[in-house]
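In: what follows is a protein structure lacking sequence information:
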């Protein structure tokens, strides 16, 4: 779906994901089930995992922990099961494959500029991406096979009314119809798209948000004070319907996405026709890259653009849902990220829970202002040096 042109097959897959997984209606219809899974299981498991590091005074890899949480939240929506455990080899193997695909997809490939070289794969991109892709597809094939066996058992009646069906069930139902709009191979590669696009990007954004807050302790305290005051008044942990009542937390996420967009060049677009834009001719079939990283640091749009200032979003009403073109980390238009609503909720709940429950200190007594904020290039923009921090319970 990510790489298809905007034709019938792309529209079909896009509609399936929109209607089956990412619509606000579906998210709200399964609110109680998702809340229990998200709040009582996934986020609670993350907090318990962090608590162990508090007791041991060990440094936690925030990016790796966030990746496992994100992976399990997504895998429960798609497969109704966890795909990994914290500090497990399986989680790191999955992350290694996803990050490898993201890095290869984002790096310049000579074959794109000189198509005659494509059969030779001079940089080994095709060979390595096949290794990563086959690793992930083999995991999906195993889960799909298990589900098909379950559905073929005598105890399965095909009725989803007693439970909230996951995406795998819904797609298998579609495939079984005579007029099916999706093939088994479409389904496998759709899962590949969803996991690659939905795990590393969100965990990377969470890591950057934590890094910026640790680097700016007064911003951390301001965000924590807002959460503490709100949660005390309501005597509860953060819920999804609380997000709109936490303006500073929202501003922190917006500012993180401005400085560190998860996909700095979005995904490549292609001109369908010859176009003239502000005096420039864009020829038909030209590949177009949208540099949202540079847009977020443009001094003609943003004051003091290199500085982390969440408060700037109190002065201007800008959102990242595709309507304000100075901030489009999820893209815009018909190719906007279909998982935007889900990512919006996950980012606020996980980040809010981490800063509400714990204080943080950099490993090795490194001063916050001396933290390495270098970036590693790929389709996603991750930290060059992982964020290693020691948590303290509040």
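Out: Received, thanks. Bear in mind the structure is a predicted one, so any value in this text is a computation, not a measurement.

In: please count neighbours and contacts with C-alpha atoms only from this point.
Out: Will do.

In: correct me, but residue 382 touches residue 375?
Out: Yes. Residue 382 is within contact range of residue 375, at 5.8 Å (criterion: CA atoms under 8 Å).

In: quick one: neighbours of the nearest residue to residue 383 once chain neighbours are set aside, just the number.
Out: Leaving aside its chain neighbours, residue 383 sits nearest to residue 375 (4.8 Å; criterion: CA to CA, 6 or more residues apart in numbering). Residue 375 has 13 neighbours, counted by other CA atoms under 10 Å.

In: which other residues reach the helix or strand hosting residue 352?
Out: Using DSSP states H and E, residue 352 falls within helix 340-357. Here helix 340-357 makes contact (CA atoms under 8 Å, 6 or more residues apart in numbering) with 22-24, 43, 47, 70, 198, 202, 205-206, 209-210, 220, 223-224, 227-228, 237-240, 243, 249-250, 253, 321, 330, 393-394.

In: do a quick rundown of the helices in the stretch 201-350 of the chain.
Out: Using DSSP state H, counting those that start in this stretch, the helices assigned to the stretch 201-350 of the chain run over residues 217-234, 247-259, 292-295, 312-315, 340-357.

In: and those, which is most packed in?
Out: helix 247-259 (a mean of 23; mean count of other CA atoms under 10 Å).

In: which strands or helices does it pack on?
Out: helix 200-215, helix 217-234, helix 312-315, helix 340-357 (3 or more CA pairs under 8 Å, 6 or more residues apart in numbering; DSSP states H and E).

In: how about those helices in a markdown table, adding mean pLDDT?
Out: Putting the helices and strands packed on helix 247-259 into a markdown table (pLDDT from 0 to 100) gives the following:
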| stretch | mean pLDDT |
| --- | --- |
| helix 200-215 | 95 |
| helix 217-234 | 89 |
| helix 312-315 | 92 |
| helix 340-357 | 91 |
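
In: mind putting these into JSON lines with distance to residue 291?
Out: Output for these, formatted as JSON lines (distance: least, CA to CA, whole Å):
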{"stretch": "helix 200-215", "distance to residue 291": "16"}
{"stretch": "helix 217-234", "distance to residue 291": "27"}
{"stretch": "helix 312-315", "distance to residue 291": "21"}
{"stretch": "helix 340-357", "distance to residue 291": "19"}
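
In: pLDDT wise, what is the nearest residue to residue 292 once chain neighbours are set aside at?
Out: Once flanking residues are discounted, residue 292 sits nearest to residue 264: 5.5 Å by CA to CA, 6+ apart. The per-residue pLDDT reported for residue 264 equals 91.

In: now do the contacts for residue 264.
Out: 291, 292, 293, 329, 379, 380, 381.

In: so how far is residue 328 from the third one?
Out: Which is residue 293. Distance, residue 293 to residue 328, by CA to CA, to the nearest Å: 10 Å.

In: equivalent analysis for the second one, please.
Out: Distance of residue 292 to residue 328, computed by CA to CA: 7 Å.

In: cool, and the last one?
Out: Plainly put, residue 381 is 15 Å away from residue 328 if you go by CA to CA.

In: now for this protein, the helix or strand with the poorest mean pLDDT.
Out: The least trusted helix or strand in the chain, going by mean pLDDT, DSSP states H and E, turns out to be helix 31-35, with a mean of 48.

In: picking up where we left off before, got any residues that touch both of residue 293 and residue 328?
Out: By CA under 8 Å, 6+ apart, no residue touches both residue 293 and residue 328.

In: on that earlier part again, out of the helices of the stretch 201-350 of the chain, which gets nearest to residue 303?
Out: helix 312-315 (8.6 Å; CA to CA).

In: show me what the closest one is packed up against.
Out: Using 3+ CA pairs under 8 Å, 6+ apart, helix 312-315 sits against helix 247-259.

In: what does the helix it packs on contact?
Out: 205, 208-209, 212, 222-223, 226, 243-244, 293, 296-297, 306, 308-311, 313-314, 319-320, 327, 329, 347-348, 352.

In: cool, and stretch 181-196?
Out: Against stretch 181-196 from outside (CA under 8 Å, 6+ apart): 1-2, 12-13, 71, 74, 98, 101-102, 133, 136-137, 140-141, 171, 174-175.

In: okay, buried residues for it please.
Out: By neighbour count on 16 or more other CA atoms under 10 Å, the buried set for stretch 181-196 is 182, 187, 188, 189, 190, 191, 192, 194, 195, 196.

In: same check on stretch 289-308?
Out: For stretch 289-308, by 16+ other CA under 10 Å, it's 290, 292, 293, 295, 296, 297, 305, 308.

In: before we move on, what about stretch 357-372?
Out: For stretch 357-372, by 16+ other CA under 10 Å, it's 357, 358, 359, 360, 361, 362, 363, 368.

In: next one: stretch 271-287
Out: Here stretch 271-287 shows residue 282 as buried, counting by 16+ other CA under 10 Å.
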